[in-house]
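Enquirer: after the sequence you'll find the predicted model.
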Amino acid sequence: MRSPCAWSGSWSPPGASRGEGPVPDDDGFTEFVLAHRVALLRTACLLTADRALGEDLVQTTLLKTYARWDRVRRADDPPAYVHRVMISTQLSRRRRLSSGERPVDAVPDRGGADPQAGQAVGEDVRRALARLSPRVRTTIVLRYFADHGEAETARLMGCSVSTVGNHVRTGLAALRTVLTADEQHTGRLR
């Protein structure tokens with residue numbers, strides 16, 4: 001079975017599919033994408049709490065990264081650089097969203113549940129993550145789903161290690177509350 005955040009697309013440099021002439025040498029960009037696409041999409045899906053938005057976030061991140069690939073490939077840790085671009089892009093999107101559109105829990109005309117849902121992360125956990133603030137959710141995703149340490153998470157988010165610790169405590173407490181309430185509401189025991 002395919003994970004709900006499994007990569008379903010392929011990468012081509014901008015203009016390649018439209019026949020806009022020869023594609024310039026990508027200096028390892030394609031290989032980078034192939035090696036890191038699954039982890040990028042998994043992280044993006046968890047950051048956005050939505051597969052389609054996660055796919056959009058990965059594409060936007062890859063476009064931004066491709067435009068600066070010369071700098072990125074020379075970085076000490078290119079995957080961390082790309083994750084930093086993704087996090088900044090997502091937090092910027094959330095700020096723009098908060099000033100206009102309002103997300104809803106369910107869209108009435110949406111099809112049935114994805115039969116693949118729950119393979120990587122349970123739907124109840126995904127919903128609980130969606131209720132966290134963007135920065136707290138990002139911290140939880142980086143620490144517990146992307147397996148980054150506190151120092152690396154702080155570096156990726158551009159904050160202090162103590163801020164990461166505070167976000168983790170806040171996020172885990174909120175997740176426990178939401179998940180416990182959901183369990184009691186549905187009568188499930190784990």
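Expert: Nice, I can see it.
Enquirer: which parts of this protein are helices?
Expert: Assigned by DSSP state H, the chain shows helices spanning 29-48, 51-67, 69-73, 78-98, 123-130, 134-140, 150-157, 161-186.
Enquirer: please identify the most buried of the ones you listed.
Expert: Stretch with highest mean neighbour count among the helices of the chain: helix 134-140 (a mean of 23; mean count of other Cβ atoms under 10 Å). C-beta here means a position set from N, CA and C on the backbone, and glycine is covered the same way.
Enquirer: quick one, grab the pLDDT at residue 187.
Expert: Note for residue 187: predicted pLDDT of 54.
Enquirer: tell me the domain boundaries of this structure?
Expert: 26-104, 121-190 (automatic domain parsing).
Enquirer: and the closest residue in space to residue 84 that isn't next to it in sequence, what does it touch?
Expert: Once flanking residues are discounted, residue 84 sits nearest to residue 156: 5.1 Å by Cβ to Cβ, 6 or more residues apart in numbering. Residue 156 sits next to 80, 83-84, 87, 142, 148 when contact means Cβ atoms under 8 Å, 6 or more residues apart in numbering.
Enquirer: one more: residue 58?
Expert: 37, 40-41, 44, 86 are the contacts of residue 58 under Cβ under 8 Å, 6+ apart.
Enquirer: next one: it relative to residue 144, how far apart?
Expert: From residue 58 across to residue 144, the span is 20 Å (Cβ to Cβ, to the nearest Å).
Enquirer: what of residue 156?
Expert: Residue 156 sits 14 Å away from residue 144, going by Cβ to Cβ.
Enquirer: where does this protein have low pLDDT?
Expert: 1-25, 94-121, 182-190 (pLDDT under 70).
Enquirer: again, only using 50
Expert: Counting by pLDDT under 50, the chain contains low-confidence residues at 1-4, 6-7, 19-24, 107-120, 189-190.
Enquirer: now the two most distant members of the contacts of residue 58.
Expert: Farthest-apart pair in these is 37 and 86; separation 12.2 Å (Cβ to Cβ).
Enquirer: send the alpha carbons of stretch 130-144 over as CSV?
Expert: Backbone C-alpha positions of stretch 130-144 (Å, rounded to 0.1, in the frame of the first residue of the first chain) are rendered in CSV as follows:
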residue,chain,number,x,y,z
ALA,A,130,-3.6,20.6,12.2
ARG,A,131,-5.0,22.2,15.3
LEU,A,132,-1.5,23.4,16.5
SER,A,133,-0.1,26.8,15.6
PRO,A,134,2.1,26.7,12.5
ARG,A,135,5.4,27.1,14.5
VAL,A,136,4.5,24.6,17.2
ARG,A,137,3.4,22.1,14.5
THR,A,138,6.6,22.7,12.6
THR,A,139,8.6,22.0,15.7
ILE,A,140,6.7,18.7,16.5
VAL,A,141,7.1,17.6,12.9
LEU,A,142,10.8,18.3,12.7
ARG,A,143,11.5,16.7,16.1
TYR,A,144,9.3,13.6,16.0
